[in-house]
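*Asks:* how would this look folded up:
(one chain, ligands or ions: 1)
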Amino acid sequence: MISSYDYLGLIGHPAIESAAVEAIHKYGTGTGGVRLLTGTTDLHCLLERELAAFKGTEAALTFSSGYLANLAVISALFGPSDRIIIDSKAHRSIVDACRLSRVPTERFDHNAPSSLKNKLDRGPGGRRTLIIIEGIYSMDGDICPLPEILELKKKYGACLMVDEAHSFGVLGAKGRGVDEHFKVASKDVDIWMGSLSKAIPSNGGFIAGPKDLIYYLQHAASPFIFSAALCPAAVAAAREALRVIEREPERLVKLNNNAVFLRELLKELGYDTGLSESPVIPIILGDQEKTLRLTRKLFALGIIAVPITKPAVSPGGTRIRLCATAAQDEAFLQDIIEGFRKVRISSSVLPKFLMEK
Ligand SMILES: Cc1ncc(COP(=O)(O)O)c(C=O)c1O
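*Replies:* Reported below is the predicted structural model:
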């Protein structure tokens, strides 16, 4: 398996599993309702405090998935009289949230502050303007230019939201995210969003930011009010994972080393890894049939590498997407590379330039 989002290799970590099991013994398997009714346990409140502390914000709120966290925050805060400008590669949950809010939405060119500036210049543009970017883009593995975007946000008096589904636990010296990566203050970003199903090996999503924002969401965000609370085992697993990240910093070092190793060897084989500069490593093939045939050949060699096709990417951007994780050792990665070498040699489906290598 070379496509799992388990970036820090925490799935199966004994301390995290024990925490989840203990939570089941103490609280049971479900919460019996939504957060505002029976669904809030002390575990939920503790996790939210710990997420806020980890992200350097005043408060945080959890949701049953990252998808719902995006839906919740955008639809609760913004409406038809506002304006949202999103990166052209924004995740579907962000696009759906903008649709649900019925807010006029524009897209700027991927990771291009000059394109964002053009959009901002073309005011008047609504009561309030929200810019939405991602820490690490999930299909390409590149990182947002946060400092330049922060400058624009300040200059134009806009709000900024950063989706850290893939950068939380992954970027920065301690895994705190893209603000730590660029050494900018967490409070400069108005709304932080994260997932608990990637570097954190659980389920759920969260929004982190100022206290007032969190209080407001508790009483205005439909996915929080009308959907069941996270189950206790998921909350306990996420809490313990935060502690493991602090206790075992070597995982982050290994993750980054593995990402560089995997990406460089794939490039040496002639594969196009696109814009990747993180553990997310696409192999861009650009043709759906080629991609699916290559995936099957890898599967026959015992390698699970997922194909990414429409609607997750445009048809010309069809790819296989790999993820480096801290659970991989060198022998494992060499086996993967050997598999990619074999399919490259044996395959008649690869682009000509790959066959010639
Ligand atoms: C950028 C981004 N945002 C949000 C989500 C949704 O997160 P979750 O899987 O926790 O619903 C994903 C999921 O892959 C994602 O890639």
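*Asks:* per-domain residue ranges of the protein.
*Replies:* According to automatic domain parsing, the chain comprises the domains 14-247, 250-352.
*Asks:* is the residue of the stretch 201-350 of the chain found nearest the ligand bridged to anything, and to what?
*Replies:* Each residue of the stretch 201-350 of the chain has a distance to the ligand, by CB to the nearest ligand atom, and the smallest belongs to G205, at 4.7 Å. The way it works is simple: take the backbone N, C-alpha and C, and place the C-beta from them, glycine included. In this structure, G205 has the following beta-bridge partners (DSSP bridges): F63, S195.
*Asks:* residues contacting it?
*Replies:* Shown in contact with G205 (CB atoms under 8 Å, 6 or more residues apart in numbering): 62-70, 165, 193-197.
*Asks:* of those residues, buried ones?
*Replies:* Listed as buried from the contacts of G205 are 62-70, 165, 193-197; burial here means 16 or more other CB atoms under 10 Å.
*Asks:* so which of these reach the ligand?
*Replies:* S65, G66, Y67, N70, A165, S195, S197 (CB under 6 Å from any ligand atom).
*Asks:* could those go into a markdown table alongside pLDDT and secondary structure?
*Replies:* As requested, these are exported to a markdown table (pLDDT from 0 to 100; DSSP: H, G, I helix; E, B strand; the rest coil):
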| residue | pLDDT | secondary structure |
| --- | --- | --- |
| S65 | 98 | coil |
| G66 | 98 | helix |
| Y67 | 98 | helix |
| N70 | 98 | helix |
| A165 | 98 | coil |
| S195 | 98 | strand |
| S197 | 98 | coil |
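*Asks:* next up, phi/psi of G209, please.
*Replies:* phi 170, psi -160 (degrees, to the nearest 10).
*Asks:* cool, the one 10 residues further on as well?
*Replies:* Torsion angles at H219 (phi, psi; degrees, to the nearest 10) stand at phi -120, psi 0.
*Asks:* now it: how far from Q334?
*Replies:* Separation of H219 from Q334 (CB to CB, to the nearest Å) stands at 54 Å.
*Asks:* so who does whatever residue of the chain ends up closest to the ligand touch?
*Replies:* Per CB to the nearest ligand atom, G66 is where the chain lies closest to the ligand, at 2.4 Å. For G66, the contacting residues are S93, D163, A165, M193, G194, S195, L196, S197, G204, G205, by CB under 8 Å, 6+ apart.
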